[in-house]
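Chemist: just need the structure, nothing else, for what follows:
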Amino acid sequence: MKTIELIVPCYNEETCVALFYNRIKEVFAQIPDARFVITYVDDGSRDRTMEEIKKVLAAAEPGTVQYISLSRNFGKESAIYAGLARSTGDYVAVLDADLQHPPELLIEMLDALEHEGYDCASARRVSRKGEPVFRSLLSKTFYHVINHITVIDLVPGSTDYRLMKRSVVDAIVSMSEKERFTKGIYAWVGFKNKWIEYENVERIAGKTKWNILGLFKYAVSGFFAFATTPLRGVVYLGMVIVLLAFIFAVYVFIGASRASSARTGYASIMILMLFLGGVIITILGMIGEYMARIYMEVKNRPIYFAREMYMISDMVHSTAEEIGESSTIQAEKKEQ
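Modeler: Numbering: from 1, shown residues only. Sure, this is the predicted structure:
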């Protein structure tokens, strides 16, 4: 019997933890020939998320729930990595605790992996019903831009929700970069993937942690994580500015030669200075962003720290070691 492990990042999700577990149990009942394990990853929550996780653990069947509690809020990307790095299941899925990722899709995902020859199956939203229009517009713009300036191909509406074989998980974990963009990493590692479409689902409880500023930072992180196009664009921009400067110089020279008196041209000079100043500052900021990312990678800091963990695999290993030690002691006593 193969094991399907669910990685569930949580940040201030005290109202969703138990609801998620109850919903997952209903899905488990429809797949009797597989063993499920839920791994809650508490990303430094400030509410009672950790207490709710422990309540679920106490009430759950033995060997079905485990958790990782991070020492602080490292961010969802780091929480996902923590869960994947500690996972041991034959198949591993990543999905949110708020049930915006329908657990029922796991049935179709599992069928794709076991009977259709896919390495992973990913969920894709085909509608954004219930979302603000401005937010939906920004999302469409993000996918359009990132697919043109990066080496990866992100499918519009793609999510972090996917079920993967062990080989795919190992590939993702091997990419231990500090500034993580999981959607981009999914696309970069490749493998044979099946897209499964679903309609947008509202949160079952609580409030979303994402706002416009947070989404903008996430988008910028994706751009700089997988694109060198901005640096090439700087070169092209410099060439265009030089060409425009040459054309303007010719225009000024011709105008001055035809005029009876010299022109001061303060307005045009100020406009050019402000324009060039803005371009230079933008370029320096762009280069600074790349340098900051190199600096963070060179320091080689850990992606996360775990304050507390309860992992089934560790319990099994500990029990095996205790049995081994007990057997050794008994053997020594017999020899004596």
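
Chemist: what distance do you get for the residue with the shortest distance to the centre of the chain to Y81?
Modeler: Geometric centre of the chain, nearest residue: T182, 3.1 Å, by CA atoms, centre = their mean. Taking CB to CB, to the nearest Å as the measure, T182 falls 8 Å from Y81. Bear in mind the C-beta positions are built from the backbone N, C-alpha and C, glycine included.

Chemist: please apply the same query to G238.
Modeler: For G238, the distance to Y81 - CB to CB - is 38 Å.

Chemist: next: S69.
Modeler: Noted for S69: a distance of 15 Å to Y81, by CB to CB.

Chemist: got the confidence number for R86?
Modeler: Predicted confidence (pLDDT) for R86: 90.

Chemist: repeat that for P32.
Modeler: Here, the pLDDT recorded for P32 equals 80.

Chemist: now do K333
Modeler: Note on K333: pLDDT of 46.

Chemist: ditto for the one 3 residues further on
Modeler: The predicted local distance difference test score for Q336 is 50.

Chemist: before we move on, what about V235?
Modeler: Per-residue confidence for V235 comes out at a pLDDT of 72.

Chemist: what do you get for the one 10 residues further on?
Modeler: Note for A245: predicted pLDDT of 72.

Chemist: assumed E308 was part of a strand.
Modeler: Yes - the assignment for E308 is a strand, going by DSSP: H, G, I helix; E, B strand; the rest coil.

Chemist: quick one: list the elements packing against the helix or strand hosting I247.
Modeler: Assigned by DSSP states H and E, I247 belongs to helix 229-258. Identification of packing neighbours for helix 229-258 by 3 or more CB pairs under 8 Å, 6 or more residues apart in numbering; DSSP states H and E yields helix 266-299.

Chemist: one more pass at 10 Å, please.
Modeler: Helices and strands touching helix 229-258, by 3 or more CB pairs under 10 Å, 6 or more residues apart in numbering; DSSP states H and E, are helix 133-149, helix 212-226, helix 266-299.

Chemist: and these as a markdown table, adding mean neighbour count?
Modeler: As requested, the helices and strands packed on helix 229-258 are arranged in a markdown table below (neighbours: other CB atoms under 10 Å):
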| stretch | mean neighbour count |
| --- | --- |
| helix 133-149 | 14 |
| helix 212-226 | 15 |
| helix 266-299 | 11 |
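
Chemist: now distance to T39 too, for these, in a markdown table please.
Modeler: Formatted as a markdown table, the helices and strands packed on helix 229-258 follow (distance: least, CB to CB, whole Å):
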| stretch | distance to T39 |
| --- | --- |
| helix 133-149 | 28 |
| helix 212-226 | 23 |
| helix 266-299 | 27 |
